[in-house]
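Asker: Return a 3D structure for these sequence lines:
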Amino acid sequence: MSGNPRVDASRVHADAVVVDGLQINNWSREVLEELRTGGVTGVNATAAVWEGTDQTLRTVAEWYQFARRHEDLMVLAETADDIRKAKEEGRVAVVLGFQNTSPFADDYRLVEVFARLGVRVAQLTYNIQNAVGGSCYEPHDSGLTRFGRNVVAEMNRAGMLIDLSHVGNRTSLDAVETSQLPVAITHSNPTWFVDNPRNKPDEVLRAVAASGGVVGCCLYPLVLGGASTGLEEFCAMVRRLVDEIGPDHVALGSDCTRNWGDDYVEWLRSGHWRPREDTPATWPQWPQWFRGPEDFPQVTDGLVSAGLDEQTVRSVLGENWLRLFDDVFASGRPA
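Answerer: Next comes the predicted model:
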């Protein structure tokens, strides 16, 4: 990569509002400090994966307490302006999100309940068919269900962003067609980069972009091609995606998993829907150039070296997420 010598990557990173489309950390003060060290201002933090309504309510309550204990470092954000303000204050703005619709159980009305509690993002499925639709791992994706259409409509009304990251391709296309607002893929890559069920084919990527939505390019080793994938390869992928779907529709979603033991990755993969594997699951190895949030400046260096102009780099680092949050979060916020 020849790069762009006119762009000072360090300055751009320091000035930019960096937003990570998804992290699923075991949160602590130390993790917050890692984000601040890496220049990350906004992050979609997973508050539920397999949990039902009761447990998720408790998790949200725990987030309220956590935010109060560490208010010098973080703030819970419900708008893009909350993230912009956090940048000015030198704090991390945490947007609460779900990686499943399990907290809604079989009641679409709970969408508004959680929206009023501050949850701003929800992924429709997580790795297996649910009442809303099919997951990316289903051999036969059923598409968005009747209940799923009600959930999508209610998420639109409540100003909650629809996430299609672990969602099946047919269900994803149905959701784009059904939604009256832009949607997101918070943490996936194109299948032409790595052919994995968690990644997305051109048809889905283009549909999300055409909706006005955003694709968060992901650093998780499973969808990145493993720890051997280089920074240049990743950033070349980002540049090609920018060329294909437009600079306003590409962002980052690291899928960081800081501070967890191997028992948690087993929980993520199996939940309660299948027996645990005989050989326990372990976390994959991350690439040397990105081991956690502290390494975000290296990604900025890579984007500049890939030849992206300064405005595009700023857009990918966070401005595209901010614009999407402006569009969706304020669209129908509960009174």
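Asker: Output stretch 317-327 as PDB, nothing but the C-alphas.
Answerer: In PDB, the C-alpha atoms belonging to stretch 317-327 read as follows (Å, rounded to 0.1, in the frame of the first residue of the first chain):
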ATOM      1  CA  LEU A 317     -13.700   5.500  12.400                       C
ATOM      2  CA  GLY A 318     -17.000   6.900  13.700                       C
ATOM      3  CA  GLU A 319     -18.800   9.500  11.800                       C
ATOM      4  CA  ASN A 320     -20.900   6.900   9.900                       C
ATOM      5  CA  TRP A 321     -22.100   5.300  13.100                       C
ATOM      6  CA  LEU A 322     -22.900   8.800  14.500                       C
ATOM      7  CA  ARG A 323     -25.000   9.600  11.400                       C
ATOM      8  CA  LEU A 324     -26.800   6.300  11.600                       C
ATOM      9  CA  PHE A 325     -27.500   6.800  15.300                       C
ATOM     10  CA  ASP A 326     -28.800  10.300  14.600                       C
ATOM     11  CA  ASP A 327     -31.200   8.800  12.000                       C
END
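Asker: Identify all contacting residues around that stretch.
Answerer: For stretch 317-327, contacts defined as CB atoms under 8 Å, 6 or more residues apart in numbering pick out 12-13, 16-19, 21, 41-42, 79-80, 83-84, 95, 120, 161, 181-182, 184, 212-214, 216, 248-252, 300, 303. Every residue, glycine included, has its C-beta placed from N, CA and C.
Asker: What residues of that stretch count as buried?
Answerer: With burial defined by 16 or more other CB atoms under 10 Å, the residues of stretch 317-327 counted as buried are Leu317, Gly318, Glu319, Asn320, Trp321, Leu322, Arg323, Leu324, Phe325, Asp327.
Asker: now stretch 144-164
Answerer: Residues of stretch 144-164 classed as buried: 144-145, 147-152, 154-164 (neighbour count, 16+ other CB under 10 Å).
Asker: Quick one: mean pLDDT for it?
Answerer: Average pLDDT, stretch 144-164: 98.
Asker: re earlier: of the contacts of stretch 317-327, buried ones?
Answerer: With neighbours counted by 16+ other CB under 10 Å, the contacts of stretch 317-327 contain buried members at 12-13, 16-19, 21, 41-42, 79-80, 83-84, 95, 120, 161, 181-182, 184, 213-214, 216, 248-252, 300, 303.
Asker: that older thread, please narrow the contacts of stretch 317-327 to those residing in helices.
Answerer: Val12, His13, Ala80, Ile83, Arg84, Thr300, Leu303 (DSSP state H).
Asker: any idea how far Ser135 is from Arg170?
Answerer: Using CB to CB, to the nearest Å, Arg170 is found at 11 Å from Ser135.
Asker: between those two, what contacts are shared?
Answerer: Counting by CB under 8 Å, 6+ apart, the residues touching both Arg170 and Ser135 are Asp141.
Asker: quick one: low-confidence parts of this protein?
Answerer: By pLDDT under 70, the low-scoring segments of the chain are 1-5, 332-335.
Asker: and the longest helix for it?
Answerer: Using DSSP H, we find that the single longest helix of the chain is helix 53-69.
Asker: Give me the contact list for that one.
Answerer: 27, 45, 47-48, 51, 74-76, 94, 96, 98, 102-105, 110, 114, 117-119.
Asker: So which bits of stretch 224-238 are buried?
Answerer: Along stretch 224-238, these residues count as buried under the neighbour rule (16+ other CB under 10 Å): Leu224, Gly225, Thr229, Leu231, Phe234, Cys235, Ala236, Met237, Val238.
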